[in-house]
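*Asks:* return atomic coordinates for the entry below.
(one chain, ligands or ions: 2)
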Amino acid sequence: MSERTLVLVKPDGVRRGLVGDVIARIERKGLKIVALELRTLSAETAEQHYEEHRAKPFFGSLVEFITGGPLVALVVEGPRAVEAFRGLAGATDPVSAAPGTIRGDHALEIQENIVHGSDSTDSAEREIKLFFPDLF
Ligand code: RTP
Ligand code: MG
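*Replies:* Ligands and ions are numbered 1, 2, ... in the order given. A predicted model of the protein is given here:
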């Protein structure tokens, strides 16, 4: 059964020229890209996207970071795509992320960790609606 997940190449990833690397890993894994857009998020969209973290101490900083430059949003499809992309991304903290993962290979800072991937099929549906309302 195929499912969809929302992937973001965050502004640090775009700034550092890592869009191609992330897309290559998605394609090499066999996942399919069904939507892709370069855009700069408004604070409102960023706050909605990261709603679950609203009460966390890093929320303000996270919103500032994610709106601080263009990002690339993708909808990625395939068997267990949510889990498959989380595997490609690696652990949230890039220092702990395994070498061979996107975060493990490219980052050291917990906030500037290159990519986002939905954490469940419910989150994926909510996030895809927010970024690509016309896709459903
Ligand atoms: P994401 O939502 O971006 O895919 O990352 P994730 O599921 O692996 O991690 P999550 O707990 O959802 O955190 C969302 C993003 O917030 C930033 N963060 N900063 N300063 C901090 O302690 C801290 N913790 C998390 C990261 O950019 C993380 O990806
Ligand atoms: Mg998350």
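*Asks:* wait, does the helix or strand harbouring E47 contact ligand 1?
*Replies:* Assessed by DSSP states H and E, E47 sits inside helix 43-49. No: applying Cβ under 6 Å from any ligand atom, one finds helix 43-49 separated from ligand 1 by no less than 8.6 Å. Backbone N, C-alpha and C define where each C-beta goes, glycine included.
*Asks:* tell me how far that helix lies from the chain's centre.
*Replies:* On the basis of Cα atoms, centre = their mean, to the nearest Å, helix 43-49 is displaced by 14 Å from the centre of the chain it belongs to.
*Asks:* then stretch 112-127?
*Replies:* 6 Å.
*Asks:* find the residue at the geometric middle of the chain.
*Replies:* H116 (2.0 Å; Cα atoms, centre = their mean).
*Asks:* so who does the residue nearest to that one when sequence neighbours are not counted touch?
*Replies:* Of all residues beyond its chain neighbours, the one nearest H116 is L8 (3.9 Å), with distances taken as Cβ to Cβ, 6 or more residues apart in numbering. Taking Cβ atoms under 8 Å, 6 or more residues apart in numbering as the contact definition, L8 lies against 66, 71-74, 115-116.
*Asks:* who wins for neighbours among these?
*Replies:* Neighbour counts for the contacts of L8, by other Cβ atoms under 10 Å, peak at V115, which reaches 27 neighbours.
*Asks:* quick check, that one in contact with I102.
*Replies:* Yes: between V115 and I102 there is a contact at 5.3 Å, judged by Cβ atoms under 8 Å.
*Asks:* what sits in contact with each of these two?
*Replies:* Common neighbours of V115 and I102 (Cβ under 8 Å, 6+ apart) are 22, 89.
*Asks:* in its sheet, what does the helix or strand containing the residue nearest to H116 sit against?
*Replies:* Here L8 is covered by strand 2-9, with elements defined by DSSP H and E. With DSSP bridges as the criterion, the sheet partners recorded for strand 2-9 are strand 71-79 (antiparallel), strand 115-117 (antiparallel).
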